[in-house]
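Colleague: One predicted model, sequence on top.
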Amino acid sequence: MQITFLGTSSGVPTRSRNVSSVALRLPQRAELWLFDCGEGTQHQIMRSELKISQLSRIFITHMHGDHIFGLMGLLATCGLAGNVERIDIYGPPGLNDYIHSASRYSHTHFSYPIKVHAIRPGVIYEDEDFTVSCGNLHHRIPAFGYRVAEKDRSGRFDVEKAKALQIPAGRIYGQLKRGETVTLDDGRVIDGTQLCGPTEIGRKIAYCTDTIYCDGAVELAHDVDVLIHEATFAHQDADMAFQRLHSTTTMAAQTALAAGAHRLIMSHFSPRYAPGNTLELKDLLKEARAIFPRTDMAHDFMIHEVPRRREVELTKVGV
């Protein structure tokens with residue numbers, strides 16, 4: 001589970017930061033999921049190690065241009081050179097009309113299936129490995145945050161122990177690997193959990209932008225391994241943040257703290273904090289860390305590997 005930041009600026013791009021887009025790479029299933037698609041996102045993907053051909057799902061938070069202006073270009077490229085099989089797109093009401101209108105007026109025809117899902121708070125996608133849910137944020141127009149939760153998996157199956165118990169191989173092994181209880185032909189009852197190592201806790205991430213501090217973001221970020229949260233403004237510019245319904249660094253940190261998140265990665269920074277100005281991004285990082293020490297600041301093409309909870313615990317104790 002690998003996060004790549006493709007755009008970390010707010011509103012407009014800068015020389016070093018593009019507008020909003022975050023990619024979630026799922027190597028175990030050769031899939032790429034995208035969260036928001038600001039102008040130039042396809043160029044950012046091409047400059048990264050990501051493969052457009054693996055793109056299967058796009059999640060849009062809201063209909064402001066810096067989050068959707070790159071969508072049509074990316075979809076067109078996927079049809080011309082991307083070799084994608086199908087793309088499911090999730091977002092607020094109006095997204096489907098936007099895509100169809102842009103396609104009609106630009107005479108863009110897709111050579112692969114596209115399905116647009118109008119979302120409401122709750123679970124919007126689920127398969128055998130992941131559950132994706134969304135919730136309302138507090139912005140000037142309807143906006144949603146997303147939560148991706150990997151399902152827990154049974155620990156490593158001890159084949160040698162199963163052989164020692166003279167359990168016949170085959171379908172029964174699969175049941176035991178899933179932690180099920182099985183009755184053998186000889187009458188013995190075998191508890192699969194006794195043959196498996198510790199349960200692998202599924203990883204969880206939350207993506208919350210654009211919003212001020214709100215209960216919806218806290219709920220989405222509950223106990224996540226990584227919270228990606230906008231931090232458009234410094235704390236001293238809180239009045240401006242409330243006027244524009246964007247977060248300050250301290251709002252992002254307070255969300256992570258209240259949610260019990262394990263790590264906060266801030267993004268969506270205003271260009272006003274560029275190097276040489278009175279306040280710089282390094283000052284914003286200090287503000288957030290004063291409240292939530294496990295805070296990082298995203299930059300374009302930054303890659304973050306989301307470790308499993310067990311790996312994190314071992315790291316903490318120095319194993």
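Modeller: Great, that's in hand. Small disclaimer: the values here were computed from a predicted structure and weren't measured.
Colleague: show me the residues around residue 78 that make contact.
Modeller: Going by CB atoms under 8 Å, 6 or more residues apart in numbering, residue 78 touches 52, 55, 84, 87, 110, 112. Bear in mind the C-beta positions are built from the backbone N, C-alpha and C, glycine included.
Colleague: Mark which of those are buried, thanks.
Modeller: Buried residues within the contacts of residue 78, defined by neighbour count using 16 or more other CB atoms under 10 Å: 52, 55, 84, 87.
Colleague: got a list of what the second one touches?
Modeller: Think residue 55. Counting by CB under 8 Å, 6+ apart, residue 55 has contacts 32-34, 74, 78, 82, 84, 87.
Colleague: Show me what it is bridged to.
Modeller: Assessed by DSSP bridges, residue 55 has beta-bridge partners residue 32.
Colleague: Can you check what pLDDT the model gives it?
Modeller: For residue 55, the pLDDT comes out at 95.
Colleague: Kindly report the same for residue 312.
Modeller: Note on residue 312: pLDDT of 48.
Colleague: Then residue 69?
Modeller: For residue 69, the predicted pLDDT is 97.
Colleague: of the contacts of residue 55, the lowest pLDDT goes to which?
Modeller: Per-residue pLDDT puts residue 82 lowest of these, at 62.
Colleague: mind listing what residue 177 touches?
Modeller: 154, 157, 192, 196.
Colleague: For it, grab phi and psi.
Modeller: phi -60, psi -30 (degrees, to the nearest 10).
Colleague: How about residue 297?
Modeller: Note on residue 297: backbone dihedrals following degrees, to the nearest 10 are phi -120, psi 120.
Colleague: same check, this time on residue 117
Modeller: Backbone geometry at residue 117, expressed as degrees, to the nearest 10, gives phi -110, psi 120.
Colleague: Distance of it relative to residue 134?
Modeller: 10 Å (CB to CB, to the nearest Å).
Colleague: In terms of neighbours, single out the busier of these two.
Modeller: A direct count of neighbours by other CB atoms under 10 Å for residue 117 and residue 134 places residue 134 higher, at 24 against 15.
Colleague: Mind jotting down where the helices sit in the protein?
Modeller: 41-47, 65-68, 71-77, 95-106, 159-164, 171-177, 215-220, 238-244, 249-259, 281-291, 309-316 (DSSP state H).
Colleague: beta partners for residue 90?
Modeller: Where residue 90 sits in a bridge, its partners, by DSSP bridges, are residue 59, residue 117.
Colleague: Please report the number of neighbouring residues for it.
Modeller: A total of 23 residues lie near residue 90 under the criterion other CB under 10 Å.
Colleague: Cross the contacts of residue 78 against strands and list the overlap.
Modeller: 55, 87 (DSSP state E).
Colleague: Endpoints of stretch 23-42, how far apart?
Modeller: 11 Å (CA to CA, to the nearest Å).
Colleague: Buried residues of it, list them for me.
Modeller: Buried, per 16+ other CB under 10 Å, within stretch 23-42: 23-26, 32-42.
Colleague: Count the neighbours of the closest residue to residue 34 other than its chain neighbours for me.
Modeller: Once flanking residues are discounted, residue 34 sits nearest to residue 58: 4.6 Å by CB to CB, 6 or more residues apart in numbering. By other CB under 10 Å, 25 other residues sit near residue 58.
Colleague: Which residues are in contact with residue 58?
Modeller: Residue 58 neighbours (CB under 8 Å, 6+ apart): 33-35, 37, 71, 87-91.
Colleague: cutoff 7 Å now
Modeller: 34, 37, 87, 89 (CB atoms under 7 Å, 6 or more residues apart in numbering).
Colleague: export the residues you listed to JSON lines and tack on distance to residue 98?
Modeller: Putting the contacts of residue 58 into JSON lines (distance: CB to CB, whole Å) gives the following:
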{"residue": "34", "distance to residue 98": "16"}
{"residue": "37", "distance to residue 98": "12"}
{"residue": "87", "distance to residue 98": "15"}
{"residue": "89", "distance to residue 98": "10"}
